[in-house]
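1. below is the structure, and that's it, no one-letter string:
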């Protein structure tokens, strides 16, 4: 008969997954390395412990500040990606994020434009910068931007934040939006982002929790607005560049590119 070994705290037995026979130890260690030994993700899903009280900020200010201060050299072959978050309400703004590997360029922010005007601006950037992929928020008014760009001959990728995450992440994230932000959070650890107060505020603003299946669920925008925070349009635009994998970019020397996700290094 097997014996369950763990740590008893306040009469509750907490079992660390790493002490069990069945789990993939390498996969668990990868999660610990990615999220941090004392992160709520590791505490809940691996250690079997309760989350820390008040620890609900999804992306820490320290991670964001470091990314603002960091300068990286973009390697040969890193893909150029566009993320377009389309404004839904009068106080929101449409934001176009341009990410080249680990480097985020200055954001393009648009207010007071209709879907046709937004599509024209995106088309202008695509024609000039020739990104390897363009991801557009297809919820609400964004659907009109997607349709217009496709009509103009630009094969953009429509992203619906409420759909299920990729199969490999279905037990980790509640939906595609949480998955995109999760990938962005991992990327930020080695990223170079502009010193943009709107972007910084957006990245550190959302809180998170877990659903009844212990999957990460990002705070809804409506909830953020009730807390006096603006819709994280800049953060959402950047996160869209992490929605789906892109094909490898041809390089002269494969050693110049060490793929991580989306061919980043």
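-> On my side now, so go ahead. Not measured: the values here are computed from a predicted model.
2. next structured bit after the helix or strand where residue 83 lies?
-> Assigned by DSSP states H and E, residue 83 belongs to strand 80-85. Following strand 80-85 in sequence order, the next helix or strand is strand 94-100 (DSSP H and E).
3. picking that back up, report the angle between the strand holding residue 83 and strand 94-100.
-> Counting by axes from the mean of the first three to the mean of the last three CA atoms, to 10 degrees, strand 80-85 lies at 160 degrees to strand 94-100.
4. run through the protein and note the low-pLDDT ranges.
-> 1-23, 34-35, 38-41, 43-45, 49-55, 89-91, 247-265 (pLDDT under 70).
5. if we go to 90?
-> Low-confidence segments of the chain, defined by pLDDT under 90: 1-56, 75-78, 87-92, 221, 225-230, 245-265.
6. circling back: strand partners (parallel or antiparallel) of the strand holding residue 83?
-> Here strand 80-85 is paired, per DSSP bridges, with strand 94-100 (antiparallel), strand 133-137 (parallel).
7. residue 232 contacts residue 207, correct?
-> No. Between residue 232 and residue 207 there is no contact, the gap being 11.3 Å when judged by CB atoms under 8 Å. (C-beta placed from N, C-alpha, C; glycine too.)
8. for the residue lying closest to residue 135 once chain neighbours are set aside, which residues are in contact?
-> Closest residue to residue 135 apart from its sequence neighbours, by CB to CB, 6 or more residues apart in numbering: residue 240 at 4.3 Å. Applying CB atoms under 8 Å, 6 or more residues apart in numbering, we find residue 240 in contact with 83, 84, 85, 97, 135, 136, 137, 159, 180.
9. ranges for the helices of this structure?
-> 25-35, 40-45, 61-69, 115-129, 142-151, 176-188, 197-204, 221-226, 233-240 (DSSP state H).
10. who's in contact with the fourth one?
-> With CB under 8 Å, 6+ apart as the test, helix 115-129 has contacts from 80, 82, 84, 86, 94, 96, 98, 108, 110, 113, 131, 134, 136, 141, 144-145, 148-149, 152, 154, 156.
11. and those, which are buried?
-> Neighbour-count burial (16 or more other CB atoms under 10 Å) applied to these gives 80, 82, 84, 86, 94, 96, 98, 108, 110, 131, 134, 136, 141, 144-145, 148-149, 154, 156.
12. still on that earlier bit, quick one: which of residue 232 and residue 207 has more around it?
-> Neighbours were counted for residue 232 and for residue 207 using other CB atoms under 10 Å; residue 232 has more, 26 against 14.
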